[in-house]
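Colleague: my questions are about this predicted structure, shown below with the sequence.
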Amino acid sequence: MAELEKQTEQQVSTRTRLTFGLGSSAEAICLYSFGLLSMLYYNQVLGLSATLAGLAPTLALVFDAVSDPLIGSISDRFKSRKWGRRHPFMFFAPLPVALCFFAIFNPPDDLEGFTLFLWFVSFAVALRTFMTLYHVPHLALGGELSTNYHERSKIMSYNNFFGWIGGAGTHFVALTFAFAATAEYTNGLLNPGAYPVFSAVAAVIVFFVLYASAWYTRDQIPRLSQPPDDQPAFSYKEFVADLKAVLVNRNYVYLLVALFLLSIMLGMRGAFNLYMNTYYFEFLPAQIALFVIGSAVGYVTAFSLTTSIHRRFDKRATIVTSAILLSIVPALPVILRMLGYFPDNGAVMLLPLMITFAGLGGVCGAVLNISVMSALADIADENELLYGHRQEGMLYAARTFFSKADNALGHFLAGMTLDLIQFPAKSKPGEVDPEVIFWLGMVDSPITILPGLLAAGFYAGYRINRNRHAQIRRQLEERRSESRIHPAE
């Protein structure tokens, strides 16, 4: 068995890891920009109420709840010897994804109020649906590239690292150049003329990078698993059966609940990100862009060390610990300021300290993401042992769902909170009521710790360690060997 795992690990070349991981950079550009900018744009630039600006991604989540597992089941059962189970979807999705992304940041000038909200929600639904068409098969592809327990962590490290490149690159370039200060707008994020240019450039990049990842991983199709010849084609009945098969897996359910709770925390923090940095800490976009320095150190550290951490501490312990730290560490600047132990706005040490905390949060988040993505591939082995066919698409659908749920649920809760604390639309930094700013900090940090800690508790219920996984792989190989010796009549 050890020799088998070693051979499997050697089959995944660095080129394959790189081209697979490349796709996540475009996914990150799209989803990061949507999560970072859309609510601020529609609320503070276009004047839509914060509740409606947060409600649009939440309504899109209703469609995601159906489309994500649906695409997972369809791709799991898709039969094509030439193109495989995943690549046909990955080739189709890039163009509509790019067009929908552009439309979100370019509504007609005469729209306002409810009609503006309808534009936002319509293209949010379309963007998220077409991204599902790419994202679910792409992640499922990553889970199929190797059966090796530790090699999967390496593959997902590349995926996570390229995701960071996409998100961090967007963060730095957008805030440094696209939303640079002008004579009329000292804070470029409030400049309505900056969004069309940014969205056009980003949409073109997203299209070409998504397509490139699909094209340059097509050489892996012959060695990837295919649906069994006797497996029924997709139907409503088979979809329900697929859904039931993953939901009765105890390990998967624990990860699912934890992902839901984590998405609430990350979504609220993501929605408040620019509000906090612009109004609470009063940074300019060029200063916020420097946070990428800390996150770069954090993600490179996670990329380099996560597989080694799994070899020493196993995935479950790594997941629980990183979830606890991710809940607490990013909240410390606000908590320490409330206790009187953090620099005031404008202090020399404020920006370096915030960059440092961005790096620490980056390490925790990247290690957690890599670990969970790798664990999902192990669950796919367990489900194959139980049901006789692989379900990477269905299993990774949960990950894609909650990567969008953090934008949706978090933005909705954040939008209602902003209206609840009466945060003014089209406001200027330094001119907002101090009591409103206090409550902004309170809901962003101390309160959002709670769902993260609950997530860590559910992650502790995950039970597949390296020994259990080795046992599963051994049983699968024995079944396949027996099938080759005694093929079905």
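Modeller: Arrived safely.
Colleague: alpha carbons only for contacts and neighbour counts from here, please
Modeller: Fine.
Colleague: tally of neighbours for the closest residue to Phe281 other than its chain neighbours?
Modeller: Distances taken as C-alpha to C-alpha, 6 or more residues apart in numbering put Asn345 closest to Phe281, at 5.7 Å, once the chain neighbours are dropped. Applying other C-alpha atoms under 10 Å, we find 13 residues neighbouring Asn345.
Colleague: so Asn345, which state does it fall into?
Modeller: coil (DSSP: H, G, I helix; E, B strand; the rest coil).
Colleague: for Glu282, give me phi and psi.
Modeller: phi 60, psi 50 (degrees, to the nearest 10).
Colleague: pretty sure the residue nearest to Phe281 is touching Glu282, no?
Modeller: Yes: between Asn345 and Glu282 there is a contact under C-alpha atoms under 8 Å: 6.7 Å.
Colleague: which element is Ile447 on?
Modeller: Assigned by DSSP states H and E, Ile447 falls within no helix or strand.
Colleague: how many neighbours does it have?
Modeller: 13.
Colleague: OK, contacts around the closest residue to Gly188 other than its chain neighbours?
Modeller: Nearest residue to Gly188 in three dimensions, chain neighbours excluded: Phe179, at 4.3 Å (C-alpha to C-alpha, 6+ apart). Residues counted as contacts of Phe179 (C-alpha atoms under 8 Å, 6 or more residues apart in numbering) are Asn187, Gly188, Leu189, Asn191, Ala194, Pro285.
Colleague: check the gap between the first one and Val62 for me.
Modeller: Pointing back at Asn187 there. Distance, Asn187 to Val62, using C-alpha to C-alpha, to the nearest Å: 34 Å.
Colleague: settle it for me: which of the two has more neighbours?
Modeller: More crowded of Asn187 and Val62, by other C-alpha under 10 Å: Asn187, with 20 against 13.
Colleague: if I look at the more buried one, how far off is Leu418?
Modeller: 20 Å.
Colleague: same check on Ala194?
Modeller: Note on Ala194: its distance to Leu418, by C-alpha to C-alpha, is 24 Å.
Colleague: among those two, which residue is more densely surrounded?
Modeller: Leu418 (23 against 17).
Colleague: list the contacts of the residue lying closest to that one once chain neighbours are set aside.
Modeller: Closest residue in space to Leu418, ignoring its immediate chain neighbours: Ala50 at 6.5 Å, by C-alpha to C-alpha, 6+ apart. Ala50 makes contact with Met39, Asn43, Gly415, Met416, Leu418, Asp419, Ala425, according to C-alpha under 8 Å, 6+ apart.
Colleague: look up how far Met268 lies from Ile447.
Modeller: Distance, Ile447 to Met268, using C-alpha to C-alpha: 10 Å.
Colleague: typo on my end, Glu144
Modeller: Here Glu144 is placed at a distance of 32 Å from Met268 (C-alpha to C-alpha).
Colleague: so for those two, which sits in the more crowded spot?
Modeller: Using other C-alpha under 10 Å as the criterion, Glu144 and Met268 rank with Met268 on top: 25 against 20.
Colleague: outside of stretch 263-280, which residues touch it?
Modeller: 35-36, 39-40, 282-285, 288, 327, 402-403, 405-411, 413-414, 428-430, 432, 437, 440-441, 444-445, 448-452.
Colleague: can we see that at 6 Å?
Modeller: With contact meaning C-alpha atoms under 6 Å, 6 or more residues apart in numbering, stretch 263-280 is reached by Phe283, Asp406, Asn407, Gly410, His411, Ala414, Pro429, Asp444, Thr448, Pro451, Gly452.
Colleague: repeat that for stretch 375-391.
Modeller: Asp76, Gly143, Glu392.
Colleague: buried residues, it. List them.
Modeller: Using 16 or more other C-alpha atoms under 10 Å as the burial criterion, the residues of stretch 375-391 that qualify are 375-385, 389-391.
Colleague: I'd like the mean pLDDT over the strand or helix carrying Ile355, please.
Modeller: Following DSSP H and E, one finds Ile355 within helix 350-387. The average pLDDT within helix 350-387 is 90.
Colleague: go on, stretch 157-172?
Modeller: On average, stretch 157-172 scores 88.
Colleague: neighbours around Val248, how many?
Modeller: Neighbours of Val248 under the rule other C-alpha under 10 Å: 11.
Colleague: helix or strand with the lowest mean pLDDT in this structure?
Modeller: Counting by mean pLDDT, DSSP states H and E, the weakest-scoring helix or strand in the chain turns out to be helix 2-11, with a mean of 48.
Colleague: can you get me a residue count around Lys82?
Modeller: Lys82 has 11 neighbours, counted by other C-alpha under 10 Å.
Colleague: which elements pack onto the host helix or strand of Val97?
Modeller: Secondary structure assigned from DSSP H and E places Val97 in helix 94-104. Contacts defined by 3 or more C-alpha pairs under 6 Å, 6 or more residues apart in numbering; DSSP states H and E place helix 94-104 against helix 113-144, helix 194-216.
Colleague: hmm, His411 is touching Gly54, no?
Modeller: Yes: between His411 and Gly54 there is a contact at 4.6 Å, judged by C-alpha atoms under 6 Å.
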